[in-house]
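Chemist: Give me coordinates for this.
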Amino acid sequence: MDVKEKINQFCQKIEVMAREISINNLDFAFPLPKTNLSILTVIYKSALELYVTDAACLEILERLFTASENQDIQSALMGVSENEIQILGNFAETFMLSGKVAESAKLFQFLTLLCPRGAPNPYVYLRLAESLSLLNIDTGSQMYDFILNVFPDNPSIILSAAKCYYENERPKRALRILTHGKEICERHSESNPEFKKFLDLISPELLKIQEEVGAKK
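Modeler: Numbering: from 1, shown residues only. Now for the predicted structure:
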């Protein structure tokens with residue numbers, strides 16, 4: 001079986017799974033976007049056709065295709081490792097960096113299906129939201145509304161979301177999440193240098209928006 005046929009069969013399994021989730025209203029560990037399922041299948045197929053052009057990505061996907069033949073599709077999607085997601089994500093980022101944002105969004109959209117041990121990957125959702133924001137600021141804001149419910153305390157997502165909200169003329173929303181982000185970082189900055197780093201990034205952004213919102217009152 002050639003790669004094209006493997007992609008077609010894999011996407012058919014994804015669509016069947018998504019329809020079952022939609023019909024039965026099942027609660028799986030990973031959230032599926034509330035979008036027309038046929039459109040999503042086209043997006044996933046387009047993403048896979050890009051991924052298989054890269055040797056390292058193809059190797060990962062071949063393992064995923066094989067796993068989906070030997071077990072149910074949900075288990076196969078949860079069996080991908082964090083390292084494998086990072087390799088696929090690095091490939092997707094090359095499109096974002098070269099200005100091919102639509103392609104980048106498709107690639108990260110596919111990666112939202114992959115959930116090591118059943119846990120959504122915050123990096124994937126962050127990059128998807130960033131890509132969507134570059135394509136359409138309103139769509140990006142909606143995506144951030146969604147992922148902040150999934151990752152409410154992730155400082156990198158908070159900082160990126162605040163930037164999107166501010167640029168989309170939602171400074172009060174940006175102010176609220178930055179205030180929360182500062183509280184989270186202050187709570188953990190003593191024990192985790194990463195939170196101290198984000199605190200140093202969040203604090204000036206918070207002050208800037210506080211001054212702007214206060215000036216408009």
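Chemist: in this structure, what secondary structure element scores lowest on mean pLDDT?
Modeler: helix 3-24 (a mean of 83; mean pLDDT, DSSP states H and E).
Chemist: State the mean pLDDT of the helix or strand following that helix.
Modeler: Later in the chain than helix 3-24, the nearest helix or strand by DSSP states H and E is helix 37-51. For helix 37-51, mean pLDDT rounds to 88.
Chemist: again, but for stretch 169-187
Modeler: Throughout stretch 169-187, pLDDT has a mean value of 94.
Chemist: Please report how far the residue nearest the centre of the chain lies from A56.
Modeler: The residue lying closest to the centre of the chain (C-alpha atoms, centre = their mean) is Y125, at 1.4 Å. Y125 is 22 Å from A56, where distance means C-beta to C-beta, to the nearest Å. C-betas here are computed from N, CA, C, even on glycine.
Chemist: And for V124?
Modeler: From V124 to A56 the distance is 17 Å (C-beta to C-beta).
Chemist: Could you check which of these two is surrounded by more residues?
Modeler: Remark: of V124 and A56, V124 carries more neighbours, 24 against 13, as counted by other C-beta atoms under 10 Å.
Chemist: Go ahead and confirm the more buried one touches L111.
Modeler: Yes. Between V124 and L111 there is a contact at 4.4 Å, judged by C-beta atoms under 8 Å.
Chemist: Now for these two: what residues contact both?
Modeler: 85, 89 (C-beta atoms under 8 Å, 6 or more residues apart in numbering).
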